[in-house]
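Undergrad: here is a sequence together with a model predicted from it:
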Amino acid sequence: MFDVAVVGGGVVGCAVARRFTLQGARVVLLEKGADILSGASKGNSAILHTGFDAPPGSLELACMQAGYTEYLEIRDRLRLPLLESGAIVCAWSEEELAKLPGILAQAHGNGVAAARMVTPGEILAREPNLSARVLGGVLVPGEHLIDPWSAPLAYVLQALANGAEVRRNTEVTGGAFAGGAWRLETSAGPVACGTVINCAGLFGNTLEALLTGAADFTIKPRKGQFVVFDKAAARLLRSIILPVPTERTKGIVVTPTVFGNVLVGPTAEEQDSRTDAGTDEATLRMLAEKGAEILPGLAGMGITAIYAGIRPATERKEYRVRQAPGYIALGGIRSTGLTAALGLAQHAWGLYAGAQQPVANLIWPQVPVLAEHGARDWQSPGYGEVICHCEMVTSREIEAALRGPLPAGDYGGLKRRTRAGMGRCQGFYCNARLAELSAGCFAAPLAVGGAHD
Amino acid sequence: MIDVAVIGGGPAGIAAALALRARGVERVAIIEREGSLGGVPRHCGHPPFGLREFGRILTGPAYARRLEAKAEAAGVEILLCHSVLGLKPGGVLDVATPEGPRTVKALRVLLATGAREAPRSARLVGGARPLGVLNTGALQAYVYLQGLVPFARPVVVGTELVGLSALATCRGHGIKPVAVVEAGNRATARWPLGLLPRLLGIPVYYNSQIAEIRGGTRVESVLLRDGTVLDCDGVLLTGRFLPEASLARLSHLVVDAASGGPAIDQYGRCSDAAYFAAGNLLRPIETAGWSFREGWTIADYIADDLAGGLPSTEGGVEVVAGEGLKFVVPQRLTRVTQLRGLMQLRVNAPVSGQLRVRAGDEMLACQHISTRPERRILLDMDGIKIPPEVSRIVVDIAP
Ligand SMILES: Cc1cc2nc3c(=O)[nH]c(=O)nc-3n(C[C@H](O)[C@H](O)[C@H](O)COP(=O)(O)OP(=O)(O)OC[C@H]3O[C@@H](n4cnc5c(N)ncnc54)[C@H](O)[C@@H]3O)c2cc1C
Ligand SMILES: Cc1cc2nc3c(=O)[nH]c(=O)nc-3n(C[C@H](O)[C@H](O)[C@H](O)COP(=O)(O)OP(=O)(O)OC[C@H]3O[C@@H](n4cnc5c(N)ncnc54)[C@H](O)[C@@H]3O)c2cc1C
């Protein structure tokens, strides 16, 4: 019998599992995928937002700022990276220029005091490779970049190390609440718990309907496609270049990544499917061109990767957080969940109001350093050999990711834990080696069989 | 201090090391990131390799082993599992080794890091991202190095030589390609090799491209632009080679956007005269035998250079790929009284016309040419005289 079952191992569920575990609750995390981060949290822009442009007075803003603060507090102990890039909201037309004062006022109103107007001269002094067409901007020094996969991994590893249980390949298919306790039906057998925390992301309403009979919100999946440029592009840019947002979306961002690439995206495409994170050539081309308009040096630069993520948006803009007896929903965490996750977890703990004693001697596991500016594994001797040359991933790192308390559950999980296969050659040199090293580890192996002569 | 550090132990790098030793250069080191020498041929378990070098036809692995044995016998220092990560002015290299990072200094450095096929991302092939989408290089490593297969019924994209070689690899290992998809209106590889798919009973879709890859965990089908859906469990993306030039791109060296490799002069010298380059890094793509010979030739120049024999790069002439050409190598000519050697060219589309070398309005050379993409095109520089005031020549094809 668990105090709480967290349903969904996205970034929100991982953060919630951590918070509740540290507060002393007996926690089980149930994830239907072969690994954590099987949904919306798989692909995002990796920005740790200040909340400068979030709706004033919203729960979203409060959770983003609490999440931001906690991330900075805990990141050293979990060995999570931070690239203090800063962001510039750039205006490219008179119309956009006219919106900057409003953006600045909102930032100040949201408590982001360091935000300020910058002239084209200042912008170009800071970012000499940016298109000289820029008309002005708002500088937000506190916008930072993080590793979108290591962060949730660290949260869930800390939960595990301090007593939580994580069950993957476990889909919640129904449940009944009686006498103050749940009996959840899952694809891997029943689970008993006092409270369910719905962190099912893109399936948040489906889960809510399964558990409570009807859902309070509707998920409206919104896809965002990205293009990742080669590491040679990294020297073109230091800051996150944000567009002036519209009602619907934050717009297309050009940003460095902690891994040393330049990322252009995302789009905002409404769709019915919650799982189809497909890309299309026309859109990818548009993104590459858009990127080169803003950062002309991107023209002709190699494209390392293409991907898409799906936002768990709903019919309304705000987070869909609600509580019922034995039930808390953290739904519709649309486009700021990476930042807000730790804050949402605090908020959920507040709603739960548990009487447990916090864990006394907290264990702080450390995640592998994958950021380009950090001390990577290959820099310390005894790593065996380099398996992925583009991203300099060692056999020691691969072996660690395939073992340990939460081994990679599929190839995607291995890539997210190590960066193997994520570089410019996308596996030309290392894919076969990875197939050999991961043989027997995944339900969906890289190789489908042996080669017969 | 090393005399010459060769980065990359493929055919080009090994040939260069052998040539340098043959010229009496004392300390020659090959720095190779893999656990053995040989380069790409290590995982091409098929012929033909070695005709030029050993006078007989070998499989890739046999050829790689021979090259490795030769390098050992010649007293070349071989540093395996050493990855070069940075090139600094004057021949200083940042190297990752299993014993920890180190710096290697050499009087001269030869870059011979080869080429690889364009992955899905660089081709902007849309759709889902299931398992089973890979390049020929990876397929061959599965089959020949690991004894594994990544799919059973792939769609094969491309009809360059390497794509046809992939069909042979599949056939030999129980993989049954369901179709070949080619963007052009005929096979890229020369007749009669282009007939191979038909001989094997594999349908070829010309003027076709993949619009979308479909599948969940694994590839389930591909959608072609004309609406055709092909059921399959993998996609093999062949050809469209790119120089493995990231080292150069991240360094101070000038890289030619057209070839994708470092810009060189007729001696293989890069923009920093301590650095030379040879092999498929220079241009996509040539055979192993060609790369071997090129490595040997450029190493000869390096030996001349160490002996004080190469002319200064001062006042060089820029070579520009003009109309109709994809790239020209070398991209710079060092001024000498008697130009020698070959220019290597490629085109983007089938073309026939006059291949011209011009300085302003002055015609320096002209010859008829009829060719197609990916075909080797050579232009003999012997006899080309560049007027003293000229600092830029243009090579192009006039219809
Ligand atoms: C294109 C894009 C860009 C973004 N950029 C940023 C950014 O720069 N900064 C930022 O802060 N945020 C960003 N975000 C937002 C952030 O990625 C999301 O808010 C966050 O990932 C939502 O996480 P989640 O845990 O709520 O949902 P999910 O990640 O979808 O997690 C839900 C999990 O629940 C599992 N699940 C579902 N149903 C069940 C069930 N019945 N039983 C068991 N398991 C189940 C799923 O498999 C999934 O793993 C971006 C999002 C997108 C799409
Ligand atoms: C699938 C396939 C089939 C082919 N079939 C044939 C054939 O049948 N016949 C034929 O003649 N040719 C064939 N070729 C072409 C042939 O393999 C190449 O022409 C030849 O290998 C080029 O030699 P190279 O020395 O320039 O480069 P490579 O062979 O690519 O060698 C480059 C070496 O550099 C190393 N390296 C790269 N970067 C670094 C670094 N930073 N630090 C240290 N080391 C580094 C690599 O590990 C590699 O060993 C084929 C190619 C492919 C991909």
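TA: Looks like it came in fine. Numbering: from 1, shown residues only, chains lettered A, B, ... in the order given. Ligands and ions are numbered 1, 2, ... in the order given.
Undergrad: give the next helix or strand downstream of the one helix or strand A:C14 maps to.
TA: Element membership for A:C14, per DSSP states H and E: helix A:11-22. Sequence order places strand A:27-30 as the next helix or strand after helix A:11-22, per DSSP H and E.
Undergrad: ok, the helix or strand just after that following strand near ligand 1 or not?
TA: Proceeding N to C from strand A:27-30, the next assigned helix or strand is strand A:47-48, under DSSP H and E. Yes: among the residues of strand A:47-48, A:I47 lie within reach of ligand 1 under Cβ under 6 Å from any ligand atom. For the C-beta atoms, the positions are set from N, CA and C on the backbone; glycine is no exception.
Undergrad: okay, now the sheet partners of strand A:47-48, with direction.
TA: strand A:144-145 (antiparallel) (DSSP bridges).
Undergrad: packing partners for the next helix or strand after the strand it pairs with?
TA: Downstream of strand A:144-145, the next assigned helix or strand under DSSP H and E is helix A:150-161. Contact here means 3 or more Cβ pairs under 8 Å, 6 or more residues apart in numbering or on different chains; DSSP states H and E; on that basis helix A:150-161 packs against helix A:11-22, strand A:27-30, helix A:59-78, strand A:165-167, helix A:337-352, helix A:411-418.
Undergrad: can you say which of these is nearest to ligand 2?
TA: Closest of those to ligand 2 is helix A:411-418, at 19.2 Å (criterion: Cβ to the nearest ligand atom).
Undergrad: which other helices and strands contact that closest one?
TA: Using 3+ Cβ pairs under 8 Å, 6+ apart, helix A:411-418 sits against helix A:150-161, helix A:395-402.
Undergrad: return the most buried member of those.
TA: Comparing these by mean neighbour count (mean count of other Cβ atoms under 10 Å in any protein chain shown), helix A:150-161 comes out on top with a mean of 25.
Undergrad: can you list contacts of that helix?
TA: Helix A:150-161 is contacted by residues A:9-11, A:14-15, A:17-18, A:20-22, A:27, A:29, A:36-37, A:41, A:71, A:78-81, A:164, A:166, A:338, A:341-342, A:362-368, A:370, A:405-406, A:416-417 when judged by Cβ atoms under 8 Å, 6 or more residues apart in numbering or on different chains.
Undergrad: report the rounded mean pLDDT for that helix.
TA: For helix A:150-161, the mean per-residue pLDDT is 98.
Undergrad: can that helix be found next to ligand 1?
TA: No: on the criterion Cβ under 6 Å from any ligand atom, helix A:150-161 is out of touch with ligand 1, staying 8.0 Å away.
Undergrad: distance from that helix to the middle of the chain?
TA: 13 Å (Cα atoms, centre = their mean, to the nearest Å).
Undergrad: same deal with stretch A:360-380?
TA: Mean-position distance between stretch A:360-380 and its chain equals 18 Å (Cα atoms, centre = their mean).
Undergrad: close to chain B, is that stretch?
TA: Yes: judged by Cβ under 8 Å from any Cβ of the partner chain, stretch A:360-380 comes into contact with chain B at A:W378, A:Q379, A:S380.
Undergrad: in ChimeraX, select just the buried ones from these.
TA: To isolate the buried members of the residues of stretch A:360-380 next to chain B in ChimeraX, using 16 or more other Cβ atoms under 10 Å in any protein chain shown:
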select /A:378
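Undergrad: can you list which of the residues of stretch A:360-380 next to chain B are found in helices?
TA: Using DSSP state H, no member of these falls in helices.
Undergrad: quick check, nearest of the residues of stretch A:360-380 next to chain B to B:I386?
TA: Of all these, B:I386 sits closest to A:W378, with 46.5 Å by Cβ to Cβ.
Undergrad: send me stretch B:154-163 as CSV with only the CA atoms.
TA: In CSV, the C-alpha atoms belonging to stretch B:154-163 read as follows (Å, rounded to 0.1, in the frame of the first residue of the first chain):
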residue,chain,number,x,y,z
PRO,B,154,14.1,-2.4,-45.9
VAL,B,155,13.4,0.2,-48.5
VAL,B,156,16.8,1.3,-50.0
VAL,B,157,17.2,4.9,-50.9
GLY,B,158,19.7,5.9,-53.6
THR,B,159,21.5,4.2,-56.5
GLU,B,160,25.1,5.4,-56.1
LEU,B,161,27.7,2.6,-56.1
VAL,B,162,27.4,2.3,-52.3
GLY,B,163,23.6,1.7,-52.6
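Undergrad: and that stretch with ligand 2, contact?
TA: Yes: judged by Cβ under 6 Å from any ligand atom, stretch B:154-163 and ligand 2 are in contact via B:V162.
Undergrad: neighbouring contacts of that stretch?
TA: By Cβ under 8 Å, 6+ apart, the residues outside stretch B:154-163 that reach it are B:117, B:132, B:136, B:166-167, B:170, B:175, B:177-184, B:187-189, B:193-194, B:197, B:202, B:204, B:210, B:219, B:222, B:230, B:232-241, B:285, B:374.
Undergrad: could you list which of the residues you listed also contact chain A?
TA: Near chain A, judged by Cβ under 8 Å from any Cβ, the entries from the contacts of stretch B:154-163 are B:E117, B:D233.
Undergrad: the contacts of stretch B:154-163, buried ones only, as a ChimeraX selection?
TA: Remark: buried members of the contacts of stretch B:154-163, expressed as a ChimeraX selection using 16+ other Cβ under 10 Å:
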select /B:117,132,136,166,167,170,175,177,178,179,180,181,182,183,187,188,189,193,194,197,202,204,210,219,222,230,232,233,234,235,236,237,238,239,240,241,285,374
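Undergrad: let's see which of the contacts of stretch B:154-163 end up in helices.
TA: Members of the contacts of stretch B:154-163 lying in helices (criterion: DSSP H): B:T136, B:A166, B:L167, B:C170, B:P197.
Undergrad: what is the nearest of the residues you listed to ligand 2?
TA: Closest to ligand 2, out of all of the ones in helices among the contacts of stretch B:154-163 and judged by Cβ to the nearest ligand atom, is B:T136, at 4.0 Å.
Undergrad: what pLDDT does that closest one get?
TA: Looking at B:T136, its pLDDT stands at 97.
Undergrad: what's the answer for B:L85, then?
TA: The model's pLDDT for B:L85 equals 98.
Undergrad: could you dump the residues of stretch A:360-380 next to chain B to a markdown table with distance to B:N280?
TA: Output for the residues of stretch A:360-380 next to chain B, formatted as a markdown table (distance: Cβ to Cβ, whole Å):
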| residue | distance to B:N280 |
| --- | --- |
| A:W378 | 25 |
| A:Q379 | 30 |
| A:S380 | 33 |
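Undergrad: sketch out the low-pLDDT regions of the chain for me.
TA: Chain wasn't specified; assuming chain A. Where chain A drops to pLDDT under 70, the residues are A:248, A:453.
Undergrad: which parts of it belong to which domain?
TA: By the assignment in automatic domain parsing, chain A contains the domains A:2-45+A:149-219+A:315-352, A:84-145+A:220-311, A:377-437.
Undergrad: so is the last one next to ligand 2?
TA: Meaning domain A:377-437. No: figure legend: domain A:377-437 not in contact with ligand 2 (Cβ under 6 Å from any ligand atom); closest approach 6.7 Å.
Undergrad: near ligand 1 at all, that domain?
TA: No: Domain A:377-437 stays clear of ligand 1 (Cβ under 6 Å from any ligand atom), getting no nearer than 11.2 Å.
Undergrad: the stretch 101-250 of chain A: helices as residue ranges?
TA: Taking DSSP state H, counting those that start in this stretch as the criterion, the stretch 101-250 of chain A carries its helices at A:120-126, A:150-161, A:204-212.
Undergrad: closest to ligand 2 out of those?
TA: That would be helix A:150-161 among these, by Cβ to the nearest ligand atom, at 25.7 Å.
Undergrad: export that closest one as PDB, just CAs?
TA: Presented in PDB, the C-alpha positions along helix A:150-161 are these (Å, rounded to 0.1, in the frame of the first residue of the first chain):
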ATOM      1  CA  SER A 150      19.000  14.700 -17.200                       C
ATOM      2  CA  ALA A 151      16.900  17.000 -15.000                       C
ATOM      3  CA  PRO A 152      13.800  14.700 -14.800                       C
ATOM      4  CA  LEU A 153      16.200  11.700 -14.600                       C
ATOM      5  CA  ALA A 154      17.900  13.200 -11.600                       C
ATOM      6  CA  TYR A 155      14.500  13.900 -10.000                       C
ATOM      7  CA  VAL A 156      13.400  10.400 -10.300                       C
ATOM      8  CA  LEU A 157      16.700   8.900  -9.400                       C
ATOM      9  CA  GLN A 158      16.600  10.900  -6.200                       C
ATOM     10  CA  ALA A 159      13.100   9.600  -5.500                       C
ATOM     11  CA  LEU A 160      14.400   6.100  -6.100                       C
ATOM     12  CA  ALA A 161      17.400   6.500  -3.900                       C
END
